[in-house]
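**Q** What follows is a predicted protein model with its sequence.
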Protein chains: 2
Amino acid sequence: MIMVNLGLPARVRLPQLICIARERNDMNKLTDYIKDGEKIAAPDGTLMFAPGDESRAFLIVTSGTVRVEQTNAAGRTVVLYRVKAGDSCVLTTTCLLSERPYSGFGYCEGEVRAIAIAPKTFRRLLQTDDVFQNLVFQGFAARVGELTDVIDDLLEHRTDLRLARWLADRADDPTEMKQSEIAQELGTAREVVSRTLKTFEDYGWITIGRGRVSVLDQGALRAHGQRGQM
Amino acid sequence: MIMVNLGLPARVRLPQLICIARERNDMNKLTDYIKDGEKIAAPDGTLMFAPGDESRAFLIVTSGTVRVEQTNAAGRTVVLYRVKAGDSCVLTTTCLLSERPYSGFGYCEGEVRAIAIAPKTFRRLLQTDDVFQNLVFQGFAARVGELTDVIDDLLEHRTDLRLARWLADRADDPTEMKQSEIAQELGTAREVVSRTLKTFEDYGWITIGRGRVSVLDQGALRAHGQRGQM
DNA sequence: CCCGCTAAAGTGACTTTGTCACAGATAGAC
DNA sequence: GTCTATCTGTGACAAAGTCACTTTAGCGGG
């Protein structure tokens, strides 16, 4: 096991992250590919890839999450999706398939462990192994779907609706995030998040703490996110 | 040749559009696949697919263009990309690979002719034919890149900059479009386009006509799009 | 040729978001 | 407890989106 431990925000210079899709019952299948790859790990906060980097390996994530973000020229950022254990990363697959560089940033959330598969092996598996091919394609398709969801969301300019939906979707556990991070998730400004959360708190839908938001009334948030009435 | 001719906006109920990527020198290769497929055609303005539809065939576009749009719940629309002869459509490939329905709209611009390949044949070619596999992947990757470009663009909230860039990029021929269509290209409101074009005209960068915009000073537009100074 | 219809474009008023520049508040270190 | 870094709240203004409406251009019929 190669342990990457460079401090934060460190940069992985080893084979970079790619992941494959999986159906729940295919998880065992993943272990079949371990012999073809090399185990790697990276600590929380590691920068896995950045715009301009090239993919050097296909990775199967076995634990941890990679947050994939896109930042435009003006510095505004939005979170495209999260790569969880067994999930797939379009950007990386795209890079590997086409030998184009990445267009976004990938950061580790928690320690990420993964199995790195060399591009040559990746291509061989893709041609010879039906299950592998299916895993890659399914994951690829799922991620494209998430990209179009992000576009859908960005077309909606009412931040209060977007924020309400976002909060309702993660109402289970109190969200331990700074408001600046929430703004980044949605691709908006911190101040707007601050103001909007305040009104939600006034309505009794949430409680706000430093680096924390707790949902009190998931139903109200979801309804607001749907109908847009306040 | 099956000629689809249903009037506008008609709906193609035949095998729907998918296309493959191509490198310039692979164009001849396309003809190799014709024997596996069936020729179809659709007139200008035809609705090729809509959200919820399922892909029933992989199409190789041989002439014409398909404009792929995404419309959110509130009805705001943005153009994701255009599928030209030989180009590929991620949405369609995604649908075909994963058997998920489409998430956007596809409209013909000009008469579109294409070769339809059944999903089974598509999968066989993908596994057995290296060139075909490469074409699909290259095109797939290119389209994902365009999706991330759209996201990049939507993160930029200054419509004047986005419009300036958009105009500069198509400065060659006078743009024969309604302002409402331009708004749709950029995912913004017609009124904003109207006002912004007016200021550009005042600066002497363009001339405006009914259903037409002509670029006079491409350089100024490009510079404005880059630097954001007015 | 002109009338009148339709669709495109322009406009003003107002709301919301984004941006900037701070001020206030809180957690953690010492 | 105090200090400091960082997170959060706010006010002011510019830009964009929305709504409701007017004006204008193009086109077809008489």
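**A** Looks like it arrived, so ask away.
**Q** Bridged to the residue nearest to the spatial centre of chain A, which residues?
**A** Closest residue to the average C-alpha location of chain A: A:R82 at 1.5 Å, with Cα atoms, centre = their mean. A:R82 has these beta-bridge partners by DSSP bridges: A:R67.
**Q** where does it land on pLDDT?
**A** Looking at A:R82, its pLDDT stands at 90.
**Q** cool, and A:Y107?
**A** At A:Y107, the pLDDT value in this model is 89.
**Q** give me the number of residues near it?
**A** 21 (other Cβ atoms under 10 Å in any protein chain shown). C-beta here means a position set from N, CA and C on the backbone, and glycine is covered the same way.
**Q** Let me see the contact set for it.
**A** For A:Y107, the contacting residues are A:9, A:45-48, A:66-67, A:69, by Cβ atoms under 8 Å, 6 or more residues apart in numbering or on different chains.
**Q** So chain A: which segments form each domain?
**A** A:2-154, A:157-227 (automatic domain parsing).
**Q** what's the neighbour count on the nearest residue to A:D217 once chain neighbours are set aside?
**A** Using Cβ to Cβ, 6 or more residues apart in numbering or on different chains and skipping the chain neighbours, the partner closest in space to A:D217 is A:W205 (4.5 Å). Residues within reach of A:W205, counting by other Cβ under 10 Å, total 21.
**Q** contacting residues for A:W205?
**A** Applying Cβ under 8 Å, 6+ apart to A:W205 gives the contacts A:164, A:167, A:215-217, A:220-221, A:224.
**Q** any idea how far it lies from DNA strand D?
**A** Distance of A:W205 to DNA strand D, given as Cβ to the nearest atom of the strand, to the nearest Å: 14 Å.
**Q** How about A:E111?
**A** Note on A:E111: its distance to DNA strand D, by Cβ to the nearest atom of the strand, is 21 Å.
**Q** Low-confidence ranges, chain A, go.
**A** Applying pLDDT under 70 to chain A picks out residues A:1-37, A:88-90, A:99-100, A:227-230.
**Q** what does it put close to DNA strand C?
**A** Contacts of chain A with DNA strand C, taken as Cβ under 7 Å from any atom of the strand, map to A:74, A:76, A:157-160, A:188-189, A:191-192, A:196, A:209-210.
**Q** Serialize those residues to JSON lines and add fields for distance to chain B, neighbour count and secondary structure.
**A** Below are the residues of chain A next to DNA strand C laid out as JSON lines (distance: Cβ to the nearest Cβ, whole Å; neighbours: other Cβ atoms under 10 Å in any protein chain shown; DSSP: H, G, I helix; E, B strand; the rest coil):
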{"residue": "A:A74", "distance to chain B": "6", "neighbour count": "13", "secondary structure": "coil"}
{"residue": "A:R76", "distance to chain B": "5", "neighbour count": "18", "secondary structure": "coil"}
{"residue": "A:H157", "distance to chain B": "8", "neighbour count": "15", "secondary structure": "coil"}
{"residue": "A:R158", "distance to chain B": "8", "neighbour count": "13", "secondary structure": "coil"}
{"residue": "A:T159", "distance to chain B": "11", "neighbour count": "18", "secondary structure": "helix"}
{"residue": "A:D160", "distance to chain B": "13", "neighbour count": "17", "secondary structure": "helix"}
{"residue": "A:T188", "distance to chain B": "9", "neighbour count": "21", "secondary structure": "coil"}
{"residue": "A:A189", "distance to chain B": "10", "neighbour count": "15", "secondary structure": "coil"}
{"residue": "A:E191", "distance to chain B": "14", "neighbour count": "11", "secondary structure": "helix"}
{"residue": "A:V192", "distance to chain B": "11", "neighbour count": "15", "secondary structure": "helix"}
{"residue": "A:T196", "distance to chain B": "17", "neighbour count": "23", "secondary structure": "helix"}
{"residue": "A:G209", "distance to chain B": "29", "neighbour count": "9", "secondary structure": "strand"}
{"residue": "A:R210", "distance to chain B": "27", "neighbour count": "6", "secondary structure": "coil"}
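**Q** Show me what the longest helix seen in chain A is packed against.
**A** Longest helix in chain A by number of residues (criterion: DSSP state H): helix A:130-155. Helix A:130-155 is packed against strand A:77-83, helix A:90-98, helix A:119-128, strand B:58-71, strand B:77-83, helix B:90-98, helix B:119-128, helix B:130-155, with contacts defined by 3 or more Cβ pairs under 8 Å, 6 or more residues apart in numbering or on different chains; DSSP states H and E.
**Q** Just put the ones you listed in TSV and tack on distance to A:V144.
**A** Below are those laid out as TSV (distance: least, Cβ to Cβ, whole Å):
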stretch	distance to A:V144
strand A:77-83	10
helix A:90-98	6
helix A:119-128	17
strand B:58-71	12
strand B:77-83	11
helix B:90-98	5
helix B:119-128	17
helix B:130-155	7
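**Q** quick one: which of these is nearest A:K39?
**A** Evaluated with Cβ to Cβ, those place helix A:119-128 nearest to A:K39, the distance being 14.6 Å.
**Q** Show me which residues of chain A are close to DNA strand D?
**A** Contacts of chain A with DNA strand D, taken as Cβ under 7 Å from any atom of the strand, map to A:157, A:178-180, A:190-191, A:194-195, A:197-198, A:208, A:210-212.
**Q** Greatest separation within the residues you listed: which pair is it?
**A** Greatest spatial distance among those (Cβ to Cβ): A:H157 and A:R210, at 28.6 Å.
**Q** Please name the bridge partners of A:A114.
**A** Assigned bridge partners for A:A114, using DSSP bridges, are A:I40, A:V61.
**Q** quick one on the thing from earlier: quick one: the longest helix of chain A to chain centroid distance?
**A** 12 Å (Cα atoms, centre = their mean, to the nearest Å).
**Q** Quick check on the contacts of A:Y107: which are buried?
**A** A:46-48, A:66-67, A:69 (16 or more other Cβ atoms under 10 Å in any protein chain shown).
**Q** Can I get those residues in TSV including distance to B:C108?
**A** Below are the buried ones among the contacts of A:Y107 laid out as TSV (distance: Cβ to Cβ, whole Å):
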residue	distance to B:C108
A:T46	46
A:L47	43
A:M48	41
A:V66	39
A:R67	39
A:E69	35
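**Q** residues in contact with stretch A:148-155?
**A** A:78, A:80-81, A:162, A:186-187, B:70, B:72-74, B:76-78, B:80, B:91, B:103-104, B:147, B:150-151, B:154-155, B:187.
**Q** Buried subset of those residues as a PyMOL selection?
**A** Provided next is the PyMOL selection string for whichever of those are buried by 16+ other Cβ under 10 Å:
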select buried, (chain A and resi 78+80+81+162+186+187) or (chain B and resi 70+72+76+77+78+80+91+103+104+147+150+151+154+155+187)
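**Q** ok so, going back, could you pull up the contacting residues of the residue nearest to the centre of chain A?
**A** Contacts of A:R82 (Cβ under 8 Å, 6+ apart): A:65-68, A:109.
**Q** could you say which helix or strand contains the closest residue to A:T46 other than its chain neighbours?
**A** Excluding its sequence neighbours, the residue lying closest to A:T46 (Cβ to Cβ, 6+ apart) is A:C108, at 4.3 Å. Secondary-structure element containing A:C108, defined by DSSP states H and E: strand A:105-117.
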